[in-house]
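Colleague: Here's my sequence, what's the structure:
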Amino acid sequence: MLILVAFGFSLEIMQNHSFVTEFVFLGLSQNPNVQKIAFVIFLLSYMATLVGNLLIVVTISSSSVLLSSPMYLFLAFLSLLDACYSTAITPKLIVDSLYERKTISFAGCMTQIFAGHFFAGAEVIVLTVMAYDRYVAMCKPLHYSSIMNWRLCGILMGVAWTGGFLHSIIQILFVLQLPFCGPKVIDHFVCDLYPLLELACTDTHVFGFFVLANSGFICIIIFSFLLASYGTILFSLRVHSNEGKRKALSTCGSHIAVVVLFFVPCLITYVRPPSTFSFDKMVTIFYTVLAPLLNPLIYTIRNKEVKNAMINVWSRIMVVCNAR
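Modeller: The predicted structure is shown next:
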């Protein structure tokens, strides 16, 4: 609570040094018909994202069998982060689709940057933890239960929250140093680092390099580490039975798909100089809207344990509804 109060106080102080009290989004399109279509698509996508991810959280939380497995515990954590991350971005996009003039306050813009990078940063760490969990399970199966114990799982989830917060707070503190004294039109549908750099009334080359270092290089390092980890896992499968290979490939395939779906758009966005590309908005939609929507499907569509647990949850819900 003290951190949130301090964050809000910092926003108020820094806004006093800026002439800009709000920003104006150009959005995805100025065409009213396109905006109506966008409203329907993003509303349905957001509802499906919340239902899908929260259903996974509820399913795993209510199943003692799944909850006892670190892999499913981290999957529930990832689904919770996806729901939170989508909520930090998509509702504003949905509401703006109804209006010709799309505005966001200075404090609202900073808060959106903070929340987006906080949950995204935590998700990056969780994906890394999930890769480590699969590495231990497949390369050191006899030591899995002793290594991936509940104490370590709790520490790793704490590290994810802490890492996401540190990444986000460092990011936002640097952005708050920028003076905004005139231009306030953001050629985007979301507040993010590079679009804001274009509006700052100062030389932003140093800040652009900082964004590249804090977001871009981190993405490169972690993405390379994840690919190396899954490569090691797949190489180790040569000594497994055919059934073990099939199950391991199915699990690792889902994890790799989620990693690629999240990291590739992030790399395209942040591993470059601060400039505007025509496809920036589409790339942003990919990792802010589509990735949280598709993750539940990727993880459950070929997972019998999760599907059976979901059927049990729905059965219990229907029994309760019929009893009423």
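Colleague: Which of the helices or strands spans residue 37?
Modeller: helix 32-62 (DSSP states H and E).
Colleague: any idea how far that helix is from the chain center?
Modeller: Average the C-alpha atoms of helix 32-62, do the same for its chain, and the two points are 15 Å apart (C-alpha atoms, centre = their mean, to the nearest Å).
Colleague: Sort out which residues of that helix are buried, please.
Modeller: Buried residues in helix 32-62, counted by 16 or more other C-beta atoms under 10 Å: 35, 38-39, 42-43, 45-46, 49-50, 52-53, 55-60. For the C-beta atoms, the positions are set from N, CA and C on the backbone; glycine is no exception.
Colleague: Repeat that for stretch 88-100.
Modeller: By neighbour count with 16+ other C-beta under 10 Å, stretch 88-100 contains the buried residues 88-90, 92-94, 96-97.
Colleague: for stretch 99-115, same thing?
Modeller: In terms of neighbour count (16+ other C-beta under 10 Å), stretch 99-115 has its buried residues at 102, 104, 106-107, 109-115.
Colleague: Can you give the distance from the host helix or strand of residue 220 to the centre of its chain?
Modeller: According to DSSP H and E, residue 220 maps onto helix 218-236. Computed by C-alpha atoms, centre = their mean, the chain-centroid distance of helix 218-236 equals 19 Å.
Colleague: what do you get for stretch 226-243?
Modeller: 26 Å.
Colleague: List the buried residues in it.
Modeller: 226, 229-230, 233-234, 237.
Colleague: hmm, back to that, who are the packing partners of the helix holding residue 37?
Modeller: helix 64-67, helix 70-96, helix 291-300, helix 304-323 (3 or more C-beta pairs under 8 Å, 6 or more residues apart in numbering; DSSP states H and E).
Colleague: residues near residue 166, how many?
Modeller: 12 (other C-beta atoms under 10 Å).
Colleague: picking up where we left off before, and the helix holding residue 37 with helix 70-96, angle?
Modeller: On the basis of axes from the mean of the first three to the mean of the last three C-alpha atoms, to 10 degrees, helix 32-62 is oriented at 150 degrees to helix 70-96.
Colleague: quick revisit: turn the helices and strands packed on helix 32-62 into CSV, including mean pLDDT and distance to residue 130.
Modeller: Below are the helices and strands packed on helix 32-62 laid out as CSV (pLDDT from 0 to 100; distance: least, C-beta to C-beta, whole Å):
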stretch, mean pLDDT, distance to residue 130
helix 64-67, 79, 15
helix 70-96, 93, 5
helix 291-300, 85, 10
helix 304-323, 73, 14
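Colleague: could I get these as TSV with distance to residue 158?
Modeller: Formatted as TSV, the helices and strands packed on helix 32-62 follow (distance: least, C-beta to C-beta, whole Å):
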stretch	distance to residue 158
helix 64-67	18
helix 70-96	11
helix 291-300	22
helix 304-323	25
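Colleague: so for stretch 204-214, what's the average pLDDT?
Modeller: Averaging pLDDT along stretch 204-214 yields 74.
Colleague: now that stretch, how far from the chain's geometric center?
Modeller: Offset of stretch 204-214 from its chain centre (C-alpha atoms, centre = their mean): 21 Å.
Colleague: how about it as PDB, C-alpha atoms only?
Modeller: Extracted as PDB, the C-alpha positions of stretch 204-214 are listed here (Å, rounded to 0.1, in the frame of the first residue of the first chain):
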ATOM      1  CA  THR A 204      15.500  11.200 -26.100                       C
ATOM      2  CA  HIS A 205      18.400   9.200 -27.600                       C
ATOM      3  CA  VAL A 206      19.700   8.300 -24.100                       C
ATOM      4  CA  PHE A 207      16.200   7.300 -23.000                       C
ATOM      5  CA  GLY A 208      15.800   5.200 -26.100                       C
ATOM      6  CA  PHE A 209      18.900   3.300 -25.400                       C
ATOM      7  CA  PHE A 210      17.700   2.700 -21.800                       C
ATOM      8  CA  VAL A 211      14.400   1.300 -23.100                       C
ATOM      9  CA  LEU A 212      16.400  -1.000 -25.500                       C
ATOM     10  CA  ALA A 213      18.600  -2.100 -22.500                       C
ATOM     11  CA  ASN A 214      15.800  -2.600 -20.000                       C
END
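Colleague: List of residues touching that stretch?
Modeller: 167, 170-171, 174-175, 178, 193-194, 197-198, 200, 270-274 (C-beta atoms under 8 Å, 6 or more residues apart in numbering).
Colleague: So which of those residues wins on neighbours?
Modeller: Counting neighbours by other C-beta under 10 Å, residue 193 leads the contacts of stretch 204-214 with 25 neighbours.
Colleague: so the closest residue to it other than its chain neighbours, which of the three states?
Modeller: Of all residues not flanking residue 193 in the chain, residue 211 sits nearest, at 4.8 Å (C-beta to C-beta, 6 or more residues apart in numbering). State at residue 211, reduced to three classes by DSSP: H, G, I helix; E, B strand; the rest coil: helix.
Colleague: What's the local residue count around residue 211?
Modeller: For residue 211, the count of nearby residues is 22 (other C-beta under 10 Å).
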